[in-house]
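Model the following, please.
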Amino acid sequence: MGIAASDRPTALVTGANRGLGLETSNQLHAQGFLVILTSRKESAGIAAARKLDPDGKDVVYHQLDVTDALLPFIPGGGRVVMVSSGLGELSYLSRDLRSKFADPSLTRPSLDALIASYLSALEAGEAK
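Predicted coordinates for the structure are as follows:
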């Protein structure tokens, strides 16, 4: 979806398919902003944009994962701290799995493997 030039304020909201990002998009839309709603998961992002603006004139969707763009700027040994309302969602995981996710030496490939393993276990009904 293209975005036409506009004289009104424009806001780009990341992680906007749910939670705080979705509500931020909703509030900005209500205030007359052109909202560029972004998320990693395209289907959820499109659904969120349509919910806020069925015509797609004031809220447009763009798939975006900021992680890949951010990683080159992090020096060796650097850490990314994510502030998220979803952080508490880790509480349902086993203590062992939480400690693996929280390990300060966790690398991107290790994290990807850990997530893939967990998703496989979840799909098989064996997640802890």
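
residue closest to the middle of this protein?
The C-alpha lying nearest the average C-alpha coordinate of the chain belongs to G15 (C-alpha atoms, centre = their mean; 3.6 Å).

part of a helix, is it?
No. Under DSSP: H, G, I helix; E, B strand; the rest coil, G15 falls outside any helix and is assigned coil.

now the top helix by length along the chain, how far from the chain's geometric center?
Selection of the longest helix in the chain by residue count, based on DSSP state H, yields helix 108-123. If you compare the mean C-alpha spot of helix 108-123 with that of the full chain, they lie 17 Å apart, counting by C-alpha atoms, centre = their mean, to the nearest Å.

and it, what does it pack onto?
helix 95-102 (3 or more C-beta pairs under 8 Å, 6 or more residues apart in numbering; DSSP states H and E). Backbone N, C-alpha and C define where each C-beta goes, glycine included.

For the helix it packs on, buried residues please.
By neighbour count, with 16 or more other C-beta atoms under 10 Å as the criterion, the buried positions of helix 95-102 are L97, K100.
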